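# what would the 3D arrangement of this be:
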Amino acid sequence: MDLNTRSQGNVLVIECNVESIDAANVGQFRSMMQSVLAGQKNAVLDMSRIAFVDSSGLGALIACLRELSVRKGDFRLAGMNDSVRALFELMRMHKVFSIHDTVEGAVESFA
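Residues are numbered from 1 along each chain as shown. Below is the predicted model of the structure:
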């Protein structure tokens, strides 16, 4: 698994270069996200390369949201494909996360 990060103002943008976040790789994902989110307040996860998320992946994303919420920040998602977005809507996660079509839109939403 490969995560690339960059800062846009006071927002950390995380590009996740993996096809799925599931039981097979969720431990590694959680560990890597914990490292990159350390000390951060606001972050956007670019999900444009992610084709599948299972329940363990959803749990890991919720953990990221909670970590930043404790710091009075937010964790936003961007660039979901239609099938992942449908899953989020089915599981009502679109009411938990701020989901944006583009990374730029997600970053701008912090302003």
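# quick one: the host helix or strand of F75 to chain centroid distance?
Per DSSP states H and E: F75 is located in strand 74-78. Relative to its chain's centre, strand 74-78 lies at 6 Å (Cα atoms, centre = their mean, to the nearest Å).
# in that strand, which residues are buried?
By neighbour count on 16 or more other Cβ atoms under 10 Å, the buried set for strand 74-78 is 74-78. From N, CA and C alone the C-beta is placed, and that goes for glycine too.
# now do the same contact list for G79.
Residues near G79 by Cβ atoms under 8 Å, 6 or more residues apart in numbering: 46-48, 100-103.
# now the strands for this protein?
Ranges of strands in the chain, per DSSP state E, are 3-8, 11-16, 20-21, 42-46, 52-53, 74-78, 98-100.
# so which of those is nearest M91?
Shortest distance between M91 and those, using Cβ to Cβ, is found for strand 52-53: 9.5 Å.
# partner strands of that closest one, with direction?
Next to strand 52-53 in the sheet, as set by DSSP bridges, lie strand 20-21 (parallel).
# who touches the strand it pairs with?
29, 50-54, 56-57, 60-61.
# how much space separates the residue sitting nearest the centre point of the chain from A38?
Nearest to the mean C-alpha position of the chain, by Cα atoms, centre = their mean, lies L45 at 3.6 Å. Per Cβ to Cβ, to the nearest Å, L45 is found 15 Å from A38.
# just to revisit the earlier point, other SSEs contacting the strand holding F75?
strand 42-46, helix 55-70, strand 98-100, helix 103-108 (3 or more Cβ pairs under 8 Å, 6 or more residues apart in numbering; DSSP states H and E).
# many thanks, have a good one.
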